[in-house]
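Undergrad: how would this look folded up:
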Amino acid sequence: MTDSARNAGTATNGTEYVFPLTRKCPLGLPPEYEKLRADTPVVRVTNRMTGKPAWVLTRYDDVRQVLGDRTMSSNGKLPNYPHQFPVPEEMEEMLEYIAFPFSAMDAPEHTVRRRLVIPEFTARRIQALRPRMQEIVDTQIDGMLAKGGPVDLVKELAVPMPALLFCEMLGADPADIDYFRRYAEVMQDRGSGVEEVAGAIAQMYEFLDDLIGAKVQNPGDDLLSRLAAKLGEEQTLEQEDLAPVAGLLVIAGFDTTTNMIALGTVLLLEHPEQLAELKRDPSLTPKAVEELLRYLSIVDSATVRVATRDIELSGVTIAEGDGIIALNGAANWDGATFPEPGRFDIHRPAEGHLAFSYGSHQCLGANLARVELDIVFRTLFARIPELRLAVPVDELPFKYGSHVYGLDELPVTW
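TA: Numbering: from 1, shown residues only. Now for the predicted structure:
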């Protein structure tokens, strides 16, 4: 019997898995990852969102190899693509007509769209935004201190910090923050139905198309205006092609950073000795941010591909056309790459983590998120050094049913 046949549908212990799995420990990854990595690192599973089979990868080297392989497809319209939203069989023929974000495209379409937004995320532009980021964080913490504890850190800091910055970058009205957040929540909730997801996408794309249209008529100094100005340069693009580009930025722009701020705060508070060291020496913050990203891996099942040729990984052959879920979280906890991966250590050389994916589809906003998190954690614990949780960790409302792991609320006091 071949390895491919033996692993079709079950692990070596006979267990059938439905992915994504649910975290059991609030600050850890699903415990099944460790056993899979050791016994069945490449395993055939059922995709919870589509009901279709897919291959799951749990070893760092396998995940990195697939994500870095340009021959592996990210095309969301392929039959076995492991979608993160429900796709009933009767709707599969409609996928051809869906305007997917460029994260679910291959070259040359992916290249054209990615090239549009790359200038918005250069190191120089991000550093130019740093004073504004600091201003937003200081203002939000001023508000927290004025209210006095306990306060909800999600509401007071984790949401408004990246969301306000995102709206300013996009050229949107800050009053639309809640609208953007509701869209992100629907798209990331594993419990969202087909009609709910389709409705949210249609509404958001219509909203963004109107906003882009306004920028075409009255351009400003913002991301959407600069994208609209490039339409004439890219002969293969029309105005309606920009809404999916902006829609991807809505989710990537602040939802992930929001959850990293909240979860990162909890993780640091749960490791008081390392937090104390960070307070004494804030220059350690960038290194701590990398370890937070590795350890938490909040979007670990979002890196997916379709095999465009037979490929062998850890002794198992994945056939051309099969879907692949490359678990960046499982990879980030691979002891062969990160010794004692379940130990949180702000001194760990964690820069090789895959929390932002890898290869040609690596997250464009990675450096922006790094700077945001650096500023937030430096400032929060400098200005409120006695910050502590207002409720026990096991009473916090973690987002166990979301594709982007995080917290709905985070009561803190001082």
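
Undergrad: low pLDDT regions in the stretch 1-150 of the chain?
TA: For the stretch 1-150 of the chain, the stretches flagged by pLDDT under 70 are 1-15, 88-99.

Undergrad: those strands in it, which residues are they?
TA: Remark: strands assigned in the stretch 1-150 of the chain by DSSP state E, counting those that start in this stretch are 18-19, 42-47, 53-57.

Undergrad: Tell me which residues are up against the shortest one.
TA: For strand 18-19, contacts defined as C-beta atoms under 8 Å, 6 or more residues apart in numbering pick out 45-48, 54, 56, 301, 325. C-beta here means a position set from N, CA and C on the backbone, and glycine is covered the same way.

Undergrad: Check whether Glu291 really touches Pro341, as I assumed.
TA: No: between Glu291 and Pro341 there is no contact, the gap being 10.7 Å when judged by C-beta atoms under 8 Å.

Undergrad: Might you report the residue contacts of His361?
TA: 67, 74, 103, 110, 303.

Undergrad: hmm, 6 Å instead?
TA: Ser74 (C-beta atoms under 6 Å, 6 or more residues apart in numbering).

Undergrad: Next one: it from Asn75, what distance?
TA: 12 Å (C-beta to C-beta, to the nearest Å).

Undergrad: can you count the residues close to Asn367?
TA: Asn367 has 16 neighbouring residues, counting by other C-beta atoms under 10 Å.

Undergrad: cool, and the one 5 residues further on?
TA: For Glu372, the number of neighbouring residues by other C-beta under 10 Å comes to 27.

Undergrad: If you count neighbours, what's buried in the helix or strand hosting it?
TA: Assigned by DSSP states H and E, Glu372 belongs to helix 366-383. By 16 or more other C-beta atoms under 10 Å, the buried positions in helix 366-383 come out as 367-381.

Undergrad: Which members of those are the farthest-apart pair?
TA: Largest separation among these by C-beta to C-beta: Asn367 and Phe381, giving 22.1 Å.

Undergrad: Which one of the strands of the stretch 1-150 of the chain lies nearest to Met204?
TA: Of the strands of the stretch 1-150 of the chain, nearest to Met204 by C-beta to C-beta is strand 42-47, at 24.0 Å.

Undergrad: what lines up beside that closest one in the sheet?
TA: Counting by DSSP bridges, the strands paired with strand 42-47 are strand 18-19 (parallel), strand 53-57 (antiparallel).

Undergrad: Figure out how far stretch 221-235 is from the centre of its chain.
TA: Put simply, stretch 221-235 sits 25 Å off its chain's centre (C-alpha atoms, centre = their mean, to the nearest Å).

Undergrad: circling back: now the helix or strand following the helix holding Glu372, how far from the chain's geometric center?
TA: Sequence-wise, the next helix or strand downstream of helix 366-383 (DSSP H and E) is strand 388-389. Here strand 388-389 is found 26 Å from its chain centre; the criterion is C-alpha atoms, centre = their mean.

Undergrad: Starting from strand 388-389, tell me which strands it pairs with and how they run.
TA: Sheet pairing for strand 388-389, using DSSP bridges, gives strand 411-413 (antiparallel).

Undergrad: quick check: mean pLDDT across the partner strand?
TA: Averaging pLDDT along strand 411-413 gives 98.

Undergrad: Now do the helices in the stretch 301-414 of the chain.
TA: Ranges of helices within the stretch 301-414 of the chain are 328-332, 366-383, based on DSSP state H, counting those that start in this stretch.

Undergrad: neighbouring contacts of the first one?
TA: Right, helix 328-332. With C-beta under 6 Å, 6+ apart, helix 328-332 has contacts from 29, 33, 58, 60, 63, 294, 297, 300, 303, 353-354.

Undergrad: I'm done for today, thanks for sticking with me.
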